[in-house]
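**Student:** Can you look at this prediction? I've put the sequence above it.
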Amino acid sequence: MTLTTILAQQLVNGLVLGSFYALVALGYTMVFGVVKLLNFAHGDLYMTGAFVGFLAFSLVAGTLGASWLGVALSILLSMIAVGFLGVIIERIAYAPMLKAPRLSILITALAVSLVLQNGILTLSNGQVLPFSPKLGFAGINLGDIFINYKQIALAGTAAVLMLGLELFVSRTQYGRAMRAVSVDKDMSELMGIDVNRVIAVTFFLGSALAAAAGTMAGAYYGSIWYFMGFLIGLKAFTAAVIGGIGSIPGAMLGGLVLGLLESFGTQIPGIGSEWKDVFSFSVLILVLVFKPTGLLGKSEQERM
Amino acid sequence: MRLPVTPALAGLALALALSTATIAADIKIGVLVPTTGSEATYGQDMANAVQIAQEELNKAGGGNTYSMVVGDDGCDPQQAVNAATKLASSGISGVVGGYCSGATIPTLKIFGDAKIPMVITAANSTKLIPANPGNAYLINSTGNDQVAKVLEVLKAKNVKALAIVNEGDAYSQDLATLAQKGFTEAGGTVPSFETVNKGEQDFSSVVTKIKAANPDAVFWTAYYADGGPFIKQLREGGYGGLIIVGDGSTSTELFKLAGDAAEGVLALSSPTPDFLPNAKAFADTYKAKFGNAPGPYAALTYDGMKLLASAITTAGGTDPAKVMDALQKSDFKDGLAGEITFRDDHTLARSNFIVLEGKGGAWALAKY
């Protein structure tokens, strides 16, 4: 393999990994934008999404087959189910805390994370479950680099979901309401916007995106377990901060940047896989030093 | 005044009996294993194995009657210290067990101070060796022996360049650095030495790097949960060379996670009952008694109990110094997992690692 081929292959790896980070980061950033909450349970919604997707897949695989159609339908079912789970969590755990100090709601988010993790731990007995749809190994060769169809489908699905979200937020009435609430909640309420409903929609969308990412990750990597959301939750949070938390295009950019940093970080001589996290988190620090609001974040004055 | 005489006579009789205790004695053996927590299945399995050995010993007669006390270390260093302290004060003459190295290490000093001989039957971190105050004997081969076996296999396979992948935790990193050192000293090269995060599912960038380095073999030193996806991604990424995994990845779950990619993968394993020709009868007894097949460390733990009993017989009693002496000199041939003799550092004199090969979705014994 020549160096160019290696770098091109790492580019593909980084983009695929980055799509996951971006999808999960979107949920962080949307929730933060609207209710100013760092939803630390978000990584666990991703994990729950993977399990719900797995369950859906085992139900539909019998009739639709264990191939693309089956996986697509499980992703859809998982998105709907976990979307509603997100809304329920918001209603039960977060809504009563919205007027409380920020720290209280942050701790609540940690508690929700533990509840989800331990719930799935109990249900799955802590086992690593194999999630293996039959998607084959086929793919296309671009010169020396090989991209399989799974990677294309994955990045493509992520792109479609992100584009859909962008259109939803910028073109629809709900999207406009969402943006309004993120600018000034009280004023939006005075203007007749149903803030509670907007918050519910936000949680639904964020959780559904996490569920999509979780199910895709399970099907793509072939295994799921109760702790799979922890690391990606952390990484997606990092991606959201790099891109500018609260900014939707920022989360997408941040996810891709982090994915690329990690895959190229693995390849840098003298840094290597052992130091790739040090490398990507150093970049995070640099970004925050020179642009504290993140790459696409807007500066916002703290209102007391 | 007849009354006081009887106790005196009885006392005399007891003294006589004690002085000839070598012929018949009740001997209590402590069993230190995790029976709760994440490793509970392995611990319970070991306790069951001791029970079978103990019942066989009692049935065979030979004078001594053995009873067992189980201490639950929960695979947790702190809980292990409590369990060991409790065991040490309950009048035991020896200890069998030790599954988690991390939990076993702090108990060594407690049993050492109490002068209680200990046979460690599963835990095998090289860190146990310097921590041993002199009373403990390891009958499961340590990381050093695993590396020796890996090097043997690599030599037989004519591997010149080796990629090593670990997860940065004490166990897998220890194995990885030992393997790197051993392989380079034996004249090989390690073009790629990688560390991945535990629980991270995406190995694509590491796979690309390994493929570019083009090694003859890849050695995965960590556990099966991430090993399965790693092997799968390695094969999907187009790597065609040999893949070897360490003893943390010998679970059959590996085949469910890696699928067809696990075919032909070689694994280093402790001698599990499935692959021991002598363990057939033991496995049958175990299954009849406990309803499931014996786990990976059952045979070794059974051997451990038998070894300790044989040392007590040789020593002619439970005097700790004599039992330890007998253990050190033991030349135990009745083991399910092969004979036991010890090196000066109290580790098993031979490597008991066996090599398995993935065939048709299960492990099969490979000859190396």
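**Tutor:** Right, received. Where do you want to start? Residues are numbered from 1 along each chain as shown, chains lettered A, B, ... in the order given.
**Student:** Show me which residues of the stretch 201-350 of chain B sit near chain A.
**Tutor:** Contacts of the stretch 201-350 of chain B with chain A, taken as CB under 8 Å from any CB of the partner chain, map to B:201-202, B:204-206, B:208-209, B:211-212, B:214, B:224-225, B:228-229, B:232-233, B:236, B:238, B:253, B:256-259. The C-beta positions use only the backbone N, C-alpha and C, and glycine is treated the same way.
**Student:** Can you select the buried ones among those residues for me in PyMOL?
**Tutor:** Only the buried entries of these go into this PyMOL selection, using 16 or more other CB atoms under 10 Å in any protein chain shown:
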select buried, chain B and resi 201+202+204+205+206+208+209+211+212+224+225+228+229+232+233+236+253+256+257+258+259
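**Student:** Sort out for me which of the residues of the stretch 201-350 of chain B next to chain A are in helices.
**Tutor:** B:204-206, B:208-209, B:211-212, B:224-225, B:228-229, B:232-233, B:236, B:253, B:256-258 (DSSP state H).
**Student:** low-confidence ranges in the stretch 201-304 of chain A?
**Tutor:** A:299-304 (pLDDT under 70).
**Student:** just the helices in it please.
**Tutor:** A:228-243, A:248-267, A:276-290 (DSSP state H, counting those that start in this stretch).
**Student:** and these as a markdown table, adding distance to residue B:172?
**Tutor:** Output for those, formatted as a markdown table (distance: least, CB to CB, whole Å):
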| stretch | distance to residue B:172 |
| --- | --- |
| helix A:228-243 | 17 |
| helix A:248-267 | 18 |
| helix A:276-290 | 17 |
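**Student:** Residues of the stretch 51-200 of chain B that sit close to chain A?
**Tutor:** Counting by CB under 8 Å from any CB, the residues of the stretch 51-200 of chain B that sit close to chain A are B:168, B:193, B:194, B:195, B:196, B:197, B:199, B:200.
**Student:** Can you say which two of these are spatially most distant?
**Tutor:** Farthest pair in these (CB to CB) is B:193 and B:199. Separation: 20.5 Å.
**Student:** So for these two, which residue has more residues nearby?
**Tutor:** Remark: of residue B:193 and residue B:199, residue B:193 carries more neighbours, 19 against 15, as counted by other CB atoms under 10 Å in any protein chain shown.
**Student:** Please enumerate the strands of chain A.
**Tutor:** Assigned by DSSP state E, the strands in chain A fall at A:129-130, A:139-142, A:145-148, A:223-224.
**Student:** which residues of the stretch 51-200 of chain A score low on pLDDT?
**Tutor:** In the prediction, the stretch 51-200 of chain A carries no residues with pLDDT under 70.
**Student:** Residue numbers of it in contact with chain B?
**Tutor:** Contact residues (CB under 8 Å from any CB) of the stretch 51-200 of chain A with chain B: A:126, A:127, A:128, A:130, A:132, A:137, A:146, A:148.
**Student:** Taking those, tell me the two that lie furthest apart.
**Tutor:** Spanning the widest gap among these are A:126 and A:146, at 35.4 Å by CB to CB.
**Student:** So for these two, which sits in the more crowded spot?
**Tutor:** residue A:146 (17 against 12).
**Student:** surely the more buried one meets residue B:238?
**Tutor:** Yes: shown here, residue A:146 and residue B:238 form a contact pair, counting by CB atoms under 8 Å, at 6.5 Å.
**Student:** for stretch B:352-365, which positions count as buried?
**Tutor:** For stretch B:352-365, a neighbour-count test (16+ other CB under 10 Å) marks B:352, B:353, B:354, B:355, B:356, B:357, B:358, B:363 as buried.
**Student:** Which of those residues fall in strands?
**Tutor:** Judged by DSSP E, the subset of the buried residues of stretch B:352-365 located in strands is B:354, B:355, B:356, B:357, B:358, B:363.
**Student:** so how far is stretch B:108-125 off the chain centroid?
**Tutor:** Centre-to-centre, stretch B:108-125 and its host chain are 13 Å apart (CA atoms, centre = their mean, to the nearest Å).
**Student:** For that stretch, list every residue counted as buried.
**Tutor:** B:108, B:110-112, B:114, B:116-125.
**Student:** and residue B:194, what does it touch?
**Tutor:** A:266, A:272, A:273, A:274, B:163, B:164, B:165, B:166, B:206, B:209, B:210 (CB atoms under 8 Å, 6 or more residues apart in numbering or on different chains).
**Student:** now swap in residue B:52 and tell me
**Tutor:** By CB under 8 Å, 6+ apart, the neighbours of residue B:52 are B:282, B:285, B:286, B:289, B:302.
**Student:** how near is residue A:245 to chain B?
**Tutor:** Look at residue A:245 and chain B: by CB to the nearest CB, to the nearest Å, they are 23 Å apart.
**Student:** what's the answer for residue A:153, then?
**Tutor:** 14 Å.
**Student:** Identify the residues contacting that residue.
**Tutor:** Each residue near residue A:153 by CB under 8 Å, 6+ apart is listed here: residue A:68.
**Student:** that older thread, what two of the ones in strands among the buried residues of stretch B:352-365 are the furthest from one another?
**Tutor:** Distance extremes for these: the farthest pair is B:354 and B:358 at 14.1 Å, using CB to CB.
**Student:** Just give the nearest non-adjacent residue to whichever residue of the stretch 51-200 of chain A sits closest to chain B, would you?
**Tutor:** Nearest residue of the stretch 51-200 of chain A to chain B: residue A:130, at 4.0 Å (CB to the nearest CB). Of all residues beyond its chain neighbours, the one nearest residue A:130 is residue B:256 (4.0 Å), with distances taken as CB to CB, 6 or more residues apart in numbering or on different chains.
**Student:** who touches that neighbour in this structure?
**Tutor:** Residues in contact with residue B:256 (CB under 8 Å, 6+ apart) are A:130, A:132, B:228.
**Student:** On the pLDDT front, check it for me.
**Tutor:** For residue B:256, the pLDDT comes out at 88.
**Student:** One more: the one 4 residues further on?
**Tutor:** On the pLDDT scale, residue B:260 is placed at 89.
**Student:** Name the nearest residue to it, sequence neighbours excluded.
**Tutor:** That would be residue B:235: by CB to CB, 6+ apart, it lies 8.0 Å from residue B:260.
**Student:** near chain B, which residues of the stretch 201-304 of chain A?
**Tutor:** A:217, A:221-223, A:225, A:227-228, A:230-231, A:262-267, A:272-274, A:276-277.
**Student:** pull the longest helix from the chain.
**Tutor:** Picked chain A for this. Criterion DSSP H: the longest helix present in chain A is helix A:3-35.
**Student:** if you could check chain B rather than the one you did, that'd help
**Tutor:** Counting residues, the longest helix found in chain B (DSSP H) is helix B:40-60.
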